[in-house]
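[1] Let me see the structure of the following:
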Amino acid sequence: MKLPRKVTHVLWRLCKECLPTNAALYNIHVDVNPTCPWCHSAVETNLHAIFLCDFVLTMWHVVGLQSLVQCTEHETPKEVFDRVFHQGSKDQCLEVTMLCWSLWYCRNKWIWDRANGSIFGVRNTTNCLFREWAEAQAREENMKIGGKVGDRVWSKQSTGWVKINVDATVFIMGGIGVAAIIKDNQSAFVASRVMKLPGEWSPREAEALALKEVLSWVINRYMHCEFQTDCYALAASCNGSTGSSLFDTIVIDCIGLSKHINQVLFSFAFHYANNVAHVLAHAAYSMTDVGDWFVTPPNFLVRSLELDSII
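    Got it, this is the predicted structure:
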């Protein structure tokens, strides 16, 4: 089940029983009262904070999920979730997870900010979280290119293919830096190029120029190439229709150049997945000539390339 990261983080800590409840802090000799800040009638364990406190029991009853999350003090949070995911519907499981996050969030707001901790407040927080999550899913769906959402971390291509990450940066003092990193299907560094181009260009035009320069460079070198950019407009235009702006004219040139390569893919990646090319493009600012590296990367890129491999 797909969930917001902040929700999965709380659920993971809850299942591991390592949420910083009052009891947990008291056990590591922090000077706090170990009792529950809401009901003041029991020690605040992970299980109590989310499932057994009088306040949260009322909340689970109000939302109609009390039978699904009902438990005893001898169970663990993980056992409760195992039962929820086994017996509940997908919608019920989603609501339980969102409410768990909201309970912990509102509990902390009450402790630190003395914000009103009411059942209405918990449900309102959950509704806001649901709405934000739905909107995020809709945006992600709209950003699909060829049925695929952009990579959030760097990923290798299939056997026989190379992945070419392309990026550009616009310098305040004029000119742009364009760069490309080529890696094979084993994630090994193959080559890279960086150069500085003169002129005044918009960020989108700079990204398109970077792709054009890289396409010109790799023609007759590789047969199967995936070109990846963190400019969504560029990736979408290369896979769809174009207009008549300067940006679109450069894109048309790129498409024309790509026809000289046997197989080509144009894809979008989020910034982090394109970080190595981003670092290299910035390096163009201090360069006076084209920088090419083959087999062995420049020293200043080694750390960034290692991070790609770790992820």
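
[2] from here on, contacts and neighbour counts on C-alpha atoms
    Fine.

[3] Now for residue 289: which residues touch it?
    By CA atoms under 8 Å, 6 or more residues apart in numbering, the residues touching residue 289 are 195, 196.

[4] so where do the strands sit in this protein?
    Assigned by DSSP state E, the chain shows strands spanning 162-170, 176-183, 189-197, 224-229, 263-268, 291-294.

[5] Would you mind saying which of the ones you listed lies nearest residue 13?
    Taking CA to CA, strand 263-268 is the member of these nearest to residue 13, at 33.0 Å.

[6] helices or strands up against that closest one?
    With contacts taken as 3 or more CA pairs under 8 Å, 6 or more residues apart in numbering; DSSP states H and E, strand 263-268 sits against strand 224-229, helix 232-239.

[7] Which positions within the longest one qualify as buried?
    Buried residues in helix 232-239, counted by 16 or more other CA atoms under 10 Å: 232, 233, 234, 235, 236, 237, 238.

[8] quick one: low-confidence parts of the stretch 101-250 of the chain?
    143, 146-147 (pLDDT under 70).

[9] Try it again at 50.
    For the stretch 101-250 of the chain, no stretch is flagged by pLDDT under 50.

[10] what ranges do the helices span in it?
    Listed in chain order, the helices of the stretch 101-250 of the chain (DSSP state H, counting those that start in this stretch) span 119-142, 203-218, 232-239, 246-258.

[11] so which of these comes closest to residue 63?
    Minimum separation from residue 63 across the helices of the stretch 101-250 of the chain (CA to CA) falls at helix 119-142, 8.5 Å.

[12] follow-up on the earlier one: with respect to residue 169, which of the helices and strands packed on strand 263-268 lies nearest?
    For these, proximity to residue 169 was assessed by CA to CA; strand 224-229 is nearest, at 12.3 Å.

[13] Next up, the contacts around the residue nearest to residue 32 when sequence neighbours are not counted.
    If the residues on either side of it in the chain are set aside, residue 32 comes closest to residue 26, at 5.9 Å by CA to CA, 6 or more residues apart in numbering. By CA under 8 Å, 6+ apart, the contact set of residue 26 is 32, 33, 34.

[14] do the same with residue 270
    Shown in contact with residue 270 (CA under 8 Å, 6+ apart): 150, 151, 152, 153, 230.

[15] what's the farthest-apart pair in those?
    153 and 230 (11.5 Å).

[16] Between those two, which contacts overlap?
    Joint contacts of residue 153 and residue 230 (CA under 8 Å, 6+ apart) are 269, 270, 274.

[17] with those residues in mind, which one is nearest to residue 121?
    Proximity of the shared contacts of residue 153 and residue 230 to residue 121 was ranked by CA to CA; the top entry is residue 270 with 34.4 Å.
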